[in-house]
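Engineer: My questions concern the predicted model and sequence given below.
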Amino acid sequence: MKIAVLVKQVADTAARIELLPDDSGVKLDGVQMVLNPYDEFAVEEAIKIKEQKGGEVVVFNIGPVSADEAVKTALAMGCERAVVLRDDAAAGLDACGIAEALSQMIKREEFDLVLCGKQAVDSDTHQVGPALAEKLGFPAATFITSCAAGDDSVVVGRDAEGITETLELKYPALLSCQKGLNEPRYPSLPGIMQAARKPKDTLTLADLGMEPRSKVVVKGYSTPPPRAEGKVLTGEIPDQVKELVQLLRNEARAV
Ligand SMILES: Cc1cc2nc3c(=O)[nH]c(=O)nc-3n(C[C@H](O)[C@H](O)[C@H](O)COP(=O)(O)OP(=O)(O)OC[C@H]3O[C@@H](n4cnc5c(N)ncnc54)[C@H](O)[C@@H]3O)c2cc1C
């Protein structure tokens with residue numbers, strides 16, 4: 001079984017995010033960067049399937065050089081090797097452009113399964129997985145919470161508005177993974193030491209014969225208006241209750 005797993009490096013969700021002075025992007029200097037949490041489920045599932053059925057897991061990433069750290073985490077968890085695209089011209093690619101580049105990277109070999117996260121927790125578009133499946137011509141199941149890999153097909157469960165949908169997909173197929181699928185393992189110390197020595201193929205857009213093409217251009221970023229300060233009521237409880245009712249009625253218009 002040959003499995004491709006997609007990983008993106010994102011800002012830690014606990015990090016305080018600020019915009020650049022010209023609002024053209026997010027200030028990432030000094031921000032803790034991590035492997036996208038939903039990609040951890042994808043990496044774990046890929047390794048579990050390989051442990052059951054044999055084969056290899058190849059990590060794919062497009063991003064700045066600093067994204068090598070996220071790739072290293074996936075290799076330390078147990079993936080065999082990595083293929084990355086490092087090219088400043090790819091920095092402004094939209095989700096479809098990223099899916100196109102990933103499809104060209106993946107098509108250089110034959111894979112039975114492609115696993116990715118359901119979304120990247122920074123730009124949050126949920127588009128890369130389904131767009132990539134379309135470009136590869138693979139059937140796709142999104143937001144999976146269970147997975148049983150057979151010899152010719154994979155059976156997955158996905159939560160859909162209070163019901164669980166069970167789907168069977170013939171290989172090759174793409175699955176996007178979400179919380180509940182598994183418990184991602186921590187990289188072991190030997191895994192961390194081996195990760196630096198695992199093979200990594202570094203490509204550019206020119207290697208793929210691609211021009212950077214985006215149909216969506218980000219025009220700017222803005223933060224929501226600051227929330228008004230909360231009000232603390234003082235005095236006797238019955239007076240506070242009266243004032244609260246007035247405020248709910250007249251200011252919050254809640255009653
Ligand atoms: C030089 C350079 C700089 C970049 N800088 C940024 C940046 O600052 N911020 C930013 O958000 N993006 C950056 N990117 C990456 C790219 O713009 C995003 O991947 C793209 O916006 C799609 O992300 P998404 O959030 O829409 O993905 P979603 O569709 O929400 O992601 C779904 C899943 O697709 C997979 N996936 C998504 N993106 C990638 C990827 N790049 N590589 C491998 N798998 C992926 C993951 O498994 C993810 O869980 C950079 C790329 C390059 C080459």
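Structural biologist: Now that the structure is in, tell me what you want to look at. Residues are numbered from 1 along each chain as shown.

Engineer: Tell me the spacing between residue 243 and the ligand.
Structural biologist: 45 Å (CB to the nearest ligand atom, to the nearest Å). Using the backbone N, CA and C atoms, a C-beta is placed for each residue, glycine as well.

Engineer: if I read this right, that residue contacts residue 234, doesn't it?
Structural biologist: No - contact between residue 243 and residue 234 fails when scored by CB atoms under 8 Å: they sit 9.3 Å apart.

Engineer: neighbour count winner among these two?
Structural biologist: residue 243 (14 against 7; other CB atoms under 10 Å).

Engineer: Is that one located within a helix, as I assumed?
Structural biologist: Yes - counting by DSSP: H, G, I helix; E, B strand; the rest coil, residue 243 falls inside a helix.

Engineer: Apart from its neighbours in sequence, what residue is nearest it?
Structural biologist: residue 233 (5.6 Å; CB to CB, 6 or more residues apart in numbering).

Engineer: Do you know the pLDDT at the closest residue to residue 147 other than its chain neighbours?
Structural biologist: When the adjacent residues along the chain are set aside, residue 147 lies closest to residue 156, with 5.1 Å between them (CB to CB, 6+ apart). On pLDDT, residue 156 comes in at 98.

Engineer: Next: residue 23.
Structural biologist: 89.

Engineer: just checking, it touches residue 218?
Structural biologist: No - the pair residue 23 / residue 218 is not scored as a contact, 10.3 Å apart, by CB under 8 Å.

Engineer: can you count the residues close to the residue nearest to residue 243?
Structural biologist: Residue 233: 12 neighbours (other CB under 10 Å).

Engineer: For it, give me its contacts.
Structural biologist: Residue 233 makes contact with 240, 243, 244, according to CB atoms under 8 Å, 6 or more residues apart in numbering.

Engineer: rerun at 10 Å
Structural biologist: Shown in contact with residue 233 (CB atoms under 10 Å, 6 or more residues apart in numbering): 239, 240, 241, 242, 243, 244, 247.

Engineer: Quick check, pLDDT for residue 32.
Structural biologist: On the pLDDT scale, residue 32 gets 94.

Engineer: what about it, how many neighbours?
Structural biologist: For residue 32, the number of neighbouring residues by other CB under 10 Å comes to 10.

Engineer: mind checking how far it is from residue 72?
Structural biologist: 15 Å (CB to CB, to the nearest Å).

Engineer: A helix includes residue 4, no?
Structural biologist: No - read with three-state DSSP, residue 4 is strand and lies in no helix.
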